[in-house]
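Asks: build me a model from this:
(one chain, ligands or ions: 1)
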Amino acid sequence: MSDRYGELVQSPLGRKVAKNLGLPMPIKLDRYELGQPVVRGELALGLSVGDDNSVSDALADILQVHQAKIACSEPERFALPSSSIKTRLEDENARFKVVIFDASNIKSSEQLQQLYQFFQPLARRIKSSGRVIVIGRPECCTGTDIGFALAQRALLGFVKSIAKEFKQGITAQVLYVKKGAESELAVALEFFMSAKSAYVSAQAVTIVDAYQSATPSELTAFALNKSLLDKKILVTGASRGIGEAIAQVLAREGAKVYCLDVPANLAQLQKVAGRIGGYALPLDITADDAAEQIVRACGVLDGVVHNAGITRDKTLAKMSQEQWDLVMQINLAAIVRINDYLLENNGLSDTARIVCVSSISGIAGNLGQTNYATSKAGVIGLTQATAKLFAGTARTINAVAPGFIETKMTSQIPFAIREAGRRMNSMSQGGEPVDVAETIAWLLSPRSGGINGNIIRVCGQSLLGA
Ligand code: NAP
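Replies: Coordinates of the predicted model:
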């Protein structure tokens, strides 16, 4: 669905009027196009002072592949050729597309000053749709070292603030990588440096050891932009909206996609499946034998995306039990039943990935959505508990929590509430279904074995539940 205001402010006149009236000024976000490089401009790299080089060494390995032009705070300490950032900033035309700061050595409140020293001169030097990534250590590394723990937690406050300040479609995240798991950093770093993460901002991602790393053939497929080559992946609710975009992106990455939707949507479902060379599976996920039918149609799956969902919005006082029950059945109970059946009946491969679609309503709550928010918060609980079950195996489960995404679901919201929902985020615009789809493709990757139990918001840093 179209965002007329967003289109209007792209014109010089529209921009001028919006600026004078102090109205939101959404910019056109860079989005991924096939063959586009991961790093789309000069990269600024900061290294915190300290003796742990494990993150900076991993960064050198990762960035070597992308052949980026790098300006570094300590070029002599970094393993790749780079210029001095201080010298680079003397050129007033120098602008950066990606800014990375390795904060893994910051262990006290005093040392946090390094954030200021590195980022302050860069604050007006980041290009539109730029990327800021801070790398830290998760709680399991900081333990009871209070200085280390507070400093690492403080990174998130910093990142969430610059994500609000920098505007211009610039995103900012913290990647908390466990010591010893630095080799698992690559796939997350690449996602967040690239245009694929256009609408993901102010997130904290925890990266731990992978039980099993990607195989050589999976790595080769990844290098050829086919990160999901021959993976059998089920996508529910695939006939339109976010599900359709997920199916398209997974097919682009080489997956064999099983597109599931209610039988009433069969014609549209067949169109989607036909277009991407996938398979149509008309099925209501709340049917008693839904999981059996899935196994019969798909065999052993490498991935499942639980995307199908509905809203039946009413304030609690006006909500019927039917409206409550239907939302719970589709959004939550069906996922539990399908996962249980797949796990008990060898329906998932040993390296399978599950991604659930939650919502920021499940994090922040929302007026008129007690049923929906309860179901989507339940999805988060289900994801985190299943992740514990998967720890020590090669399987992973994660969730995405979209904010306002331009689909049929959001087009049905009354105008004033819709316009507020669309603008109340750091990007001043709604996301596109593809933004959710790219995030899911990253989590499904065979290289994402170190990412388990994360809840990633795809919401342009929505003010709701921030
Ligand atoms: P959508 O356009 O309504 O598409 C959802 C699809 O799921 C529809 O085709 C729907 O069919 C299907 N579905 C519903 N019940 C089903 C069932 N029992 N079995 C199989 N398929 C079923 O929704 P969307 O906006 O793309 O949302 C996709 C997911 O993202 C949902 O889980 C939603 O809660 C979540 N989400 C969306 C937004 C957003 O801004 N759009 C924000 C946060 C979270 P029908 O024609 O029967 O409805």
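
Asks: beta partners for residue 458?
Replies: Counting by DSSP bridges, residue 458 is bridged to residue 402.

Asks: residue contacts, it?
Replies: 199, 200, 400, 401, 402, 403, 405, 431, 435, 436, 439 (C-beta atoms under 8 Å, 6 or more residues apart in numbering). Using the backbone N, CA and C atoms, a C-beta is placed for each residue, glycine as well.

Asks: okay, the fifth one and residue 142: tell me how far apart.
Replies: In this structure, residue 402 lies at 31 Å from residue 142, with C-beta to C-beta, to the nearest Å as the measure.

Asks: okay, the two: which has more neighbours?
Replies: residue 402 (29 against 19; other C-beta atoms under 10 Å).

Asks: residues contacting that one?
Replies: Residue 402 touches 242, 357, 359, 360, 431, 436, 457, 458, 459, counting by C-beta under 8 Å, 6+ apart.

Asks: so which of those wins on neighbours?
Replies: Using other C-beta under 10 Å as the neighbour test, the contacts of residue 402 are led by residue 459, with 33 neighbours.

Asks: these two touch, right, it and residue 422?
Replies: No. The criterion here is C-beta atoms under 8 Å, and residue 459 misses it with residue 422 at 11.3 Å.

Asks: tell me, what's touching the two both at once?
Replies: In contact with both residue 459 and residue 422: residue 404, using C-beta under 8 Å, 6+ apart.

Asks: ranges for the helices of the stretch 151-300 of the chain?
Replies: Assigned by DSSP state H, counting those that start in this stretch, the helices in the stretch 151-300 of the chain fall at 185-193, 216-223, 241-252, 266-276, 290-298.

Asks: any idea which of those is most buried?
Replies: Most buried of the helices of the stretch 151-300 of the chain by mean neighbour count (mean count of other C-beta atoms under 10 Å) is helix 241-252; its value is a mean of 25.

Asks: can you name the element that comes right after the helix or strand of the chain with the lowest mean pLDDT?
Replies: When each helix and strand of the chain is scored by mean pLDDT, DSSP states H and E, helix 12-21 comes last, with a mean of 70. Note on helix 12-21: by DSSP states H and E, the next helix or strand toward the C-terminus is strand 43-47.

Asks: and the average pLDDT for stretch 44-54 is what?
Replies: Average pLDDT, stretch 44-54: 97.

Asks: can I get the CA coordinates of it in CSV?
Replies: Output in CSV follows, covering the C-alpha atoms of stretch 44-54 (Å, rounded to 0.1, in the frame of the first residue of the first chain):
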residue,chain,number,x,y,z
ALA,A,44,35.3,3.9,9.5
LEU,A,45,36.6,1.5,12.1
GLY,A,46,37.3,2.2,15.8
LEU,A,47,39.1,-0.1,18.1
SER,A,48,38.8,0.3,21.9
VAL,A,49,42.0,0.4,23.8
GLY,A,50,42.9,-2.9,25.4
ASP,A,51,44.8,-6.2,24.9
ASP,A,52,41.9,-8.4,23.5
ASN,A,53,42.3,-8.4,19.8
SER,A,54,40.0,-11.3,19.1
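
Asks: what sits up against that stretch?
Replies: Contacts for stretch 44-54 (C-beta under 8 Å, 6+ apart): 56, 59, 63, 70-74, 77-78, 82, 85, 88, 96, 98-107, 111, 114, 118-119, 122, 125, 179-180, 182.

Asks: so which of the residues you listed belong to strands?
Replies: 70, 71, 72, 96, 98, 99, 100, 101, 102 (DSSP state E).

Asks: can you list the residues you listed in TSV and add distance to residue 13?
Replies: As requested, the ones in strands among the contacts of stretch 44-54 are exported to TSV (distance: C-beta to C-beta, whole Å):
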residue	distance to residue 13
70	40
71	37
72	42
96	31
98	33
99	33
100	38
101	39
102	44
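
Asks: determine which two of those residues are furthest apart.
Replies: 96 and 102 (15.6 Å; C-beta to C-beta).

Asks: show me what from the stretch 101-250 of the chain comes close to the ligand.
Replies: Within reach of the ligand by C-beta under 6 Å from any ligand atom, the stretch 101-250 of the chain has these residues: 236, 237, 239, 240, 241, 242, 243.

Asks: hmm, 5 Å instead?
Replies: 237, 239, 240, 241, 242 (C-beta under 5 Å from any ligand atom).

Asks: neighbours of the first one, how many?
Replies: Right, the one you point to is residue 237. Neighbour number of residue 237 under other C-beta under 10 Å is 26.

Asks: does it really touch residue 309, like I thought?
Replies: Yes. In this structure residue 237 lies within contact range of residue 309 using C-beta under 8 Å: 6.5 Å.
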